[in-house]
Every structure is written in C-alpha cells, then in structure tokens.
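# Model the structure of this input:
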Amino acid sequence: RCPLYAVLSGFEYGHTPGVGTFYGFFRRLWAAGTVHRSPRRRLNRKKIPGGKKGQKAPTKGLSKIAQLLAQLAKRSTHRAQPFDRLLHLFQAQFLAVSAEAGLLGNPQSLTLAGDGMPLVTAAQVRSQRLCDCRARGRTPCRCARLYSQPDCDMGWDSYRNTYFFGYHVYTLVAADSPHDLPVYPRLQRASRHDAVSWVVSAQEFADRFPGYTWRTAILDAAHDARPIYDYLQAHQIRAFIDLNDRSTRRTGVRPEEITYSATGVPICRKGLPMKDRGYDYTRGRRKYLCPLVVKGVVTCDTPCSSSPYGRCVQVETKRNPRLFPPVARDSAAWAAVYNRRTSCERSNKRVKEDFGLAAGKHRSTMMWTIRLYGIAMCQHLDAWYQAQPLDLRSMLTTA
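As a prediction, the model looks like this:
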C-alpha cells in the first residue's frame, strides 16, 4: 500500500507479491518439519515458583547449572537447530558487515553482555483437553493436552512482579559497540532462569561463531553462580558479574582469623578493609597489606605481624574465582567495565519499544524467531546508516 516500502523492499509498486509468498519464504528459513519445537500434545505443566518484587525467580541450584555445563560439553560441537539457516543469514550478511566496519569492537577480543527479557504471547495458556477428567470431577489433572503454543510456558517477571505466559528472550550484546548491537539473540522458554539461558547461549555462540573470540563477560547478579565462573575461567574469559545478596556462601576461603567482606576484601582484626596492592597475573593472586601502615611505619597499637609492612594476605583466583576475581569489585577498573552492562538494557528497549517485538500476533516459534532476528537485522541496518553519512532522500530521488 505504501510506494516507499515497496521500492525499499526491491519491488515495483503495484506488483508486490501476496502475503502467502512471504510465508513460503519464511518456511524456507526454518529447517524443521513443524513450526514448533515441542510436540503439541504433551503433559500439563505446573507454574514455576516466583520471587519477591525486583528479584529473579529462584534457580534450581548450582548443581543443576554444573550438570548442564557438563552435558553441553559432551555434545557435538554443532547441534543442528531449526533456526540455523536464519542465523547463517544474519551472521554472513549483517554481523560480518558490522564487524568489518568496526561496529562490534575487536572481533578477536569481544566484550559481551547478556541479559533476558520476558516476551508475553498470550494472556493465558491455551490448550484443549483430551481426557474426561472434568466430567468425572477430577480437577485439576495432569493428563496430556493439545496446546496451541507448545513451546511457551509460565514465567516470572520480577520487574512487574507477576507471572506471564510466553517466551524468555536472551540476547548476547556487544558491550564495546557504540550502537548496542545484538550478537546472538535466542528464544528460550519463559520458565528458564537467566543463568540457565546464558549457559545455553554461551555454548551455542562458541560453536556457531568460531571466527569471534570472547574475552570479557559482563553479567548481572542473576548469573552469580560458581559453575559459571569456572566455565569462564577455563575458557580464559574475564568475568564481571555482580554479587547476589541472597547468596552468602564463602566456599574456598582459607579458615583463618582473617574475615572477608561481601566483595572479597580481607578485613583485619581492627575491622578495617585491607589495602589492595595489585594483582599478580603470573601467579593468579591478589595481594593485600595492612591498612594501618603509613610510609613503612606500623601505626597499629596491637599489630598482628612482626613485619615492618604489617600483615600481608594473598588470595588466589583459582581458590574462589567468585570472591577473588582478577579485577577487584571495589576498584575503578571494575566499575568502568561493569557500567557497560547497560548496553543490554538499551538493546532490549529498542527491541521491545522501538521495533515492537510483542506486537506480533504469532502462534508459532518459527514466526517469533523470524520476527526476533528481523529486528536484530534492523538494528544493524540502523547502525550502518548512523556510521555512514548517507543522504537517503537524494538517493531515492536519483533512483
């Protein structure tokens, strides 16, 4: 109906194809026999437990994340997914162009931030009963049902403090990009925790993007799990993860009279945080000195060491990478890197509000995935236009 949209799409005005042609093209991008990933006929699922306002849904436990990492490590390096054709198109025609133009930062040393957002697809679960339990007076029942959206389930929205039915969109964003460009968007179940979604996305990103090297990970407190730190440390990726206030475990700390703060800083007997004297990358440990030593003179009335430099405490990263990261959490270097985690929030805002992801009235995972990647392509197109001084009006007039 709009001549400008027809010309931009590569068609002659008045000779645009019908909507059925586009759906036929969409099916070519989906390498699966069905438009859903789960069978439509399956057992009824229960709601997941929610949390308090502003808090994420409680995860199943750190052991579950460790088991998931072990299972993914044993699988093949490239497990086929229905959206692989769409991902290859996005990677070859959009992501590679942005990387060559320098819009993603250094492809050999990427800084990726990850975060999820809820995607509401319906007001409630739509299913058709296949049993006669209601007629017999047995409600509720756990019998199999026929679902219209089998890949969707119930999730917990911590920001709005409510349950929702739909998907959980998890995206890896290039934090060094001045345009907050998405690198790997992934459609997950709504009931999945952010930590579980990150594990799946990180493993798939490593398998499907061999030409990109991941050097820094910026994540929020929902990813504060010891198995994630171990995974990042094994792959030589610097972890910038905020501590979760609800987790008070101090595993890996030496059983001494020295106590530690919530951020991993040693506390002396006087109750003062010790001075940070830098990180030794050759030995993988950080050194702390007595806070009451001024110009080589111990000013403490009850010194705990006979050394003229006072008590010295060295903490190793491999002992507990969660509490003792290579970059101290209370340092300016940590704040400078972690502040870039807001790139996820800005990218999600563009997806939800500017491009209207939730405005789609789809019933299949295929259409929601195509809509998600179409928005990601538009984000890269906008970055190209902003990076190059193009006069679109003169170009269209000349054409």
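
# so what's residue 285 closest to, chain neighbours aside?
residue 316 (4.4 Å; Cβ to Cβ, 6 or more residues apart in numbering). All C-beta atoms are positioned from the backbone trio N, CA, C, and that covers glycine.

# these two touch, right, that neighbour and residue 279?
No - contact between residue 316 and residue 279 fails when scored by Cβ atoms under 8 Å: they sit 10.8 Å apart.

# between the two, which one's more packed in?
residue 279 (19 against 15; other Cβ atoms under 10 Å).

# contacting residues around the residue nearest to residue 285?
Contact partners of residue 316, counting by Cβ atoms under 8 Å, 6 or more residues apart in numbering, are 283, 284, 285, 324.

# Next: residue 245.
By Cβ under 8 Å, 6+ apart, residue 245 lies in contact with 221, 262.

# okay, which residue is most central for the chain?
The structure's the chain has its C-alpha centroid closest to residue 114; by Cα atoms, centre = their mean the separation is 2.7 Å.

# does it count as helix, strand or coil?
Three-state call for residue 114 (DSSP: H, G, I helix; E, B strand; the rest coil): strand.

# Model confidence score at it, please.
The model reports residue 114 with a pLDDT of 95.

# And for residue 269?
Here, the pLDDT recorded for residue 269 equals 78.

# Hmm, residue 301 and it touching each other?
No - Residue 269 sits out of contact with residue 301 when judged by Cβ under 8 Å, with a separation of 11.2 Å.

# about what we covered before: I figured the residue nearest to the centre of the chain hits residue 174, correct?
No - using Cβ under 8 Å, residue 114 is not in contact with residue 174; the gap is 11.1 Å.

# returning to that earlier point: write down the beta-bridge partners of the residue nearest to the centre of the chain, one by one.
Judged by DSSP bridges, the bridge partners of residue 114 are residue 172.

# residues contacting it?
With Cβ under 8 Å, 6+ apart, residue 114 has these contacts: 170-173, 194, 198, 201-202, 217-219, 223, 344.

# and residue 312, how far is that from residue 296?
When distance is defined by Cβ to Cβ, to the nearest Å, residue 312 is 13 Å away from residue 296.

# Looking at those two, which one has more neighbours?
Neighbour count, other Cβ under 10 Å: between residue 312 and residue 296, residue 312 has more, with 14 against 8.

# Quick check: closest non-adjacent residue to that one.
Excluding the flanking residues, the one nearest residue 312 by Cβ to Cβ, 6+ apart is residue 289, at 5.7 Å.

# okay, now the one you found: neighbour count?
Neighbourhood size, residue 289 [other Cβ under 10 Å]: 18.

# Scan the chain for its longest helix.
Of all segments of type helix in the chain, defined using DSSP state H, the longest is helix 365-387.

# What's the mean pLDDT across that helix?
pLDDT averaged over helix 365-387 gives 94.

# before we move on, what about stretch 320-329?
The model assigns stretch 320-329 a mean pLDDT of 83.

# Helices of this structure, start to end?
Under the criterion DSSP H, the chain contains helices at 3-8, 19-28, 62-74, 84-90, 96-100, 194-208, 226-234, 332-338, 342-349, 365-387, 392-398.

# Quick one: list the elements packing against the last one.
So that's helix 392-398. The criterion is 3 or more Cβ pairs under 8 Å, 6 or more residues apart in numbering; DSSP states H and E, and there are no helices or strands that helix 392-398 contacts.

# And for the second one?
In terms of contacts (3+ Cβ pairs under 8 Å, 6+ apart), helix 19-28 is packed against helix 365-387.

# Can you name every helix or strand that the helix it packs on contacts?
helix 19-28, helix 84-90, helix 96-100, strand 182-189.

# Please identify the deepest-packed of those.
strand 182-189 (a mean of 23; mean count of other Cβ atoms under 10 Å).

# Quickly note the distance from the closest residue to residue 382 other than its chain neighbours to residue 172.
Among residues not flanking residue 382 along the chain, residue 179 sits closest, at 7.2 Å (Cβ to Cβ, 6+ apart). Distance of residue 179 to residue 172, given as Cβ to Cβ: 15 Å.

# same question, residue 225
To residue 172, residue 225 is 17 Å away according to Cβ to Cβ.

# circling back to that earlier point, more neighbours, residue 179 and residue 172?
More neighbours surround residue 172 than the other of residue 179 and residue 172, with 25 against 19 (other Cβ under 10 Å).

# ok, that one touching residue 184?
Yes - with contacts counted by Cβ under 8 Å, residue 172 reaches residue 184, the gap being 4.4 Å.

# overlap in contacts of those two?
201, 205.

# How many neighbouring residues does the closest residue in space to residue 238 that isn't next to it in sequence have?
In this structure, residue 238 finds its nearest non-sequential neighbour in residue 216, 4.7 Å apart by Cβ to Cβ, 6+ apart. Counted by other Cβ under 10 Å, the residues lying close to residue 216 total 20.

# Contact partners for residue 216?
109, 110, 111, 112, 175, 237, 238, 240, 337.

# Could you measure from it over to residue 278?
Taking Cβ to Cβ, one finds residue 216 at 20 Å from residue 278.

# same question, residue 183
From residue 183 to residue 278 the distance is 33 Å (Cβ to Cβ).

# What is the neighbour count of residue 1?
So residue 1, with other Cβ under 10 Å, has 6 neighbours.
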